[in-house]
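# Provided below for reference: sequence and predicted model.
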Amino acid sequence: MKSVIGCGRRQSGARAAALVWTSAFALMIAAGWTAPRAAEPALGEDSQPCQKCHDKADLKMQTQDGKAWSLHVSTAAFLKSQHNSLDCTSCHDDIDGDKHASARPPVKSRRDYALTLNAACKSCHKKNVAQYNDSVHATMLSQGSDKAPLCSDCHDVHTLQSVTIVKPVAETPCLKCHDAIGKAYAADVHGLERVARGKAAPICADCHQAHAIHAAATDQRLRDSCLGCHKQALAQHKDWLPNAERHFEAISCPVCHAPSAERRVNLRLYDNLTKRHVSERTGVPRFEKRANAADQQGEGLNERALLSLLKEFSQDDGPGDVALRGRLEVRSGVQAHQLAEKSKAIRDCDTCHREGAQAFQSVVLTIAGPDGRPLRHGVNKDVLSSIMATDSVRGFYAIGATRIKLLDVLLLLVVLGSLGGVLGHLTLKWATRRIRAKVAQENRAAPH
């Protein structure tokens with residue numbers, strides 16, 4: 001009974017406390033009380049004088065190259081950006097606030113000014129800057145290219161938004177330079193998922209990385225990017241594709257998944273001792289000079305010219321072992337971004353494994369240039385079917401397509417010899433079964 005009474009008293013107390021809190025909350029609402037909110041971002045004291053002028057939409061100047069440049073920075077947009085906690089002088093540390101309004105410093109060009117601001121990005125974004133410095137874009141910049149993108153070419157520093165926000169494809173900064181590829185992407189299987197269906201399908205940076213961008217034709221990074229999302233792809237291909245691992249190594253994904261694309265064989269210079277693809281040296285144009293000298297008629301390098309080139313590259317840094325690694329790929333970056341739905345991918349082996357297959361009618365020799373982008377020279381397609389090229393073009397032999405007749409004959413002889421040996425052994429065993437049985441019976445009957 002005591003426990004029941006105690007429980008009743010506790011319940012009564014709880015009801016009373018709840019009534020008190022409810023009454024108090026009602027009084028606070030009646031008095032106009034509201035829950036505290038996070039403070040809205042506001043301009044710092046150092047930035048307020050700057051924005052008195054730069055918030056004006058008509059503020060502009062003329063650079064020394066004669067071009068008009070808008071200096072408008074929307075305060076409202078800046079306060080919504082990722083950089084809203086910074087003051088103007090955090091990046092523009094070269095500006096004297098007391099003299100700036102009355103004596104504007106001359107600016108050679110917008111590009112020249114953007115180059116000076118690149119240094120400011122390094123102070124906060126060290127990791128991204130380090131990746132950029134190892135990219136094709138940075139190499140282009142170091143070679144003096146005025147097309148190489150800078151930080152501010154891709155990132156509007158005053159309105160920078162979080163990368164987690166899914167934006168329309170048209171707002172992707174890569175399209176400023178790669179417009180044709182962007183249009184192809186918008187119509188392929190990934191682009192349609194993102195554009196038409198509003199899903200977060202992969203965009204440029206998901207495959208090519210945002211800052212550590214490398215030439216697509218000189219390594220396997222893009223294939224690895226595909227497998228990063230399509231983790232079961234190799235296992236699924238093994239269900240129907242013979243020697244799937246070799247196909248994944250020697251064929252780029254768009255070859256089968258962009259069925260309308262043109263294809264070619266890309267022979268890449270590879271040093272078997274250093275386990276790296278050979279690259280052109282800055283200031284030493286070896287590749288073009290040697291390739292042009294070996295192909296003076298412009299008909300494409302033949303097997304003899306290739307052997308000579310490989311010998312020269314092998315001797316550049318002492319004894320080496322430079323050979324050619326072949327890979328089947330599509331012929332342009334635009335075509336590589338015309339991926340179709342999985343059901344339309346090529347699954348017919350005869351597309352490649354037949355004499356005269358389209359994929360083997362075009363052959364190029366490739367080396368990474370000083371800026372990381374590929375340099376190419378045409379190769380005579382007969383190289384793929386020449387017995388002389390078997391040592392230089394290693395590991396690239398498509399049965400039925402790159403038809404080295406002697407190898408086909410030897411392969412057929414090996415297969416027939418193996419089958420003949422097995423069948424001969426079985427036939428001999430069957431023909432002598434009675435003799436062997438009789439011998440075994442006599443052995444058992446003989447005294448020991």
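Nice, thanks for sending it over. Numbering: from 1, shown residues only.

# residue ranges with poor pLDDT in the stretch 301-448 of the chain?
395, 402-411, 447-448 (pLDDT under 70).

# so which residues of it form strands?
322-330, 363-368, 374-379, 393-394 (DSSP state E, counting those that start in this stretch).

# now those as CSV including distance to A103 and mean neighbour count?
Where you see a C-beta, it was placed from the backbone N, CA and C, and this is true even at glycine. CSV is the format used below for these (distance: least, C-beta to C-beta, whole Å; neighbours: other C-beta atoms under 10 Å):
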stretch, distance to A103, mean neighbour count
strand 322-330, 56, 21
strand 363-368, 48, 23
strand 374-379, 48, 19
strand 393-394, 66, 19
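
# closest to A293 out of those strands?
Counting by C-beta to C-beta, A293 lies closest to strand 374-379 out of the strands of the stretch 301-448 of the chain; the figure is 11.0 Å.

# re the thing from before, would you turn the strands of the stretch 301-448 of the chain into TSV with distance to P106?
Shown next, in TSV, are these (distance: least, C-beta to C-beta, whole Å):
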stretch	distance to P106
strand 322-330	48
strand 363-368	40
strand 374-379	40
strand 393-394	58
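
# of all those strands, which one is nearest H214?
Using C-beta to C-beta, the strands of the stretch 301-448 of the chain put strand 363-368 closest to H214, at 8.9 Å.

# just the CA trace of the closest one, in PDB.
Extracted C-alpha coordinates of strand 363-368, given in PDB (Å, rounded to 0.1, in the frame of the first residue of the first chain):
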ATOM      1  CA  VAL A 363      47.200   3.600 -84.100                       C
ATOM      2  CA  VAL A 364      49.000   6.400 -82.300                       C
ATOM      3  CA  LEU A 365      52.200   6.600 -80.300                       C
ATOM      4  CA  THR A 366      51.900   8.700 -77.100                       C
ATOM      5  CA  ILE A 367      54.200  10.300 -74.500                       C
ATOM      6  CA  ALA A 368      53.400  12.700 -71.800                       C
END
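
# counting contacts, what elements does it pack onto?
Counting contacts by 3 or more C-beta pairs under 8 Å, 6 or more residues apart in numbering; DSSP states H and E, strand 363-368 packs against strand 263-271, strand 374-379.

# dump these to JSON lines, plus distance to L428.
Formatted as JSON lines, these follow (distance: least, C-beta to C-beta, whole Å):
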{"stretch": "strand 263-271", "distance to L428": "46"}
{"stretch": "strand 374-379", "distance to L428": "50"}
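
# of the ones you listed, which is nearest E299?
Per C-beta to C-beta, nearest to E299 of the helices and strands packed on strand 363-368: strand 374-379, 8.0 Å.

# after the helix or strand containing A130, which helix or strand is next?
In the assignment (DSSP states H and E), A130 maps to helix 126-133. For helix 126-133, the following helix or strand on the C-terminal side (DSSP H and E) is helix 136-142.

# before we move on, the earlier item: compare the helices and strands packed on strand 363-368 and give me the one nearest G326.
So among the helices and strands packed on strand 363-368, strand 263-271 is nearest, using C-beta to C-beta, at 5.3 Å.

# packing partners of that closest one?
Going by 3+ C-beta pairs under 8 Å, 6+ apart, strand 263-271 lies up against strand 276-277, helix 303-314, strand 322-330, strand 363-368.

# contact partners of stretch 336-356?
For stretch 336-356, the external contacting residues (C-beta atoms under 8 Å, 6 or more residues apart in numbering) are 181, 184-185, 187-191, 216, 240, 252-261, 328-330, 357, 359-360, 398-401, 403.

# pipe the helices and strands packed on strand 263-271 into JSON lines and attach distance to D206 per row.
Below are those laid out as JSON lines (distance: least, C-beta to C-beta, whole Å):
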{"stretch": "strand 276-277", "distance to D206": "24"}
{"stretch": "helix 303-314", "distance to D206": "35"}
{"stretch": "strand 322-330", "distance to D206": "19"}
{"stretch": "strand 363-368", "distance to D206": "23"}
